[in-house]
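With the sequence up front, the predicted model follows.
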Amino acid sequence: MYKKILIVVAIVFALLQVYQPAQNNAELREVVAFEAETLPNKIVKAVFENNCYNCHSNKTEYPWYAAISPISLLIDHHVAEGNEHFNVSIWEEYSDKKKGHKLDELIEEVGEGEMPEWSYTLVHGTITEIEKEAVLDWAQKAREKYVVSEINK
């Protein structure tokens, strides 16, 4: 019985390797407009580079194990969902109201410890309290620009 189950699992695993989702590989990690407009300091830039841009930009740096299904499917899902919610590569396309809202969401997610996601931190490590506070302080300041912009319209 166990032998048959093991054979079926091995066949399913082998078949999963045939399908590989398309990778999120723009030529450049387009973050210049986002960083120029929101002015993150050195600490915040490092946090974004090490913990955020892989899922929240149009260029993901994939680890070696990203080519193994079902891990590749999980990573593809995380990247697609991350870009759906907050994509720094298309920052210029967002209205000021939407930029303010995106920063509100960032403040909420990071503040509640929801970002970076536990599955990401499991492999890559988490951000420190100092980094978390730096990101939250920066996001609050950056958000003010868009709130003021909306009020003045």
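Alright, I've got the coordinates.

which residues touch the closest residue to Trp138 other than its chain neighbours?
Excluding its sequence neighbours, the residue lying closest to Trp138 (Cβ to Cβ, 6 or more residues apart in numbering) is Val44, at 4.6 Å. Using the backbone N, CA and C atoms, a C-beta is placed for each residue, glycine as well. Contact analysis of Val44 by Cβ atoms under 8 Å, 6 or more residues apart in numbering lists 134-135, 138.

low-scoring stretches of this structure, by residue?
13-16, 18-19, 21-24, 26-29, 148-153 (pLDDT under 70).

what residue lies at the spatial centre of it?
The chain has Cys55 as the residue nearest its centroid, 2.8 Å off, counting by Cα atoms, centre = their mean.

Distance of the residue nearest to Trp138 relative to Ile11?
47 Å (Cβ to Cβ, to the nearest Å).

Repeat that for Glu84.
Distance from Glu84 to Ile11, by Cβ to Cβ: 33 Å.

which residue sits closest to Asp104 in space, ignoring its chain neighbours?
Closest residue in space to Asp104, ignoring its immediate chain neighbours: Arg143 at 6.5 Å, by Cβ to Cβ, 6+ apart.

helix, strand or coil for that neighbour?
Classification of Arg143 using DSSP: H, G, I helix; E, B strand; the rest coil returns helix.
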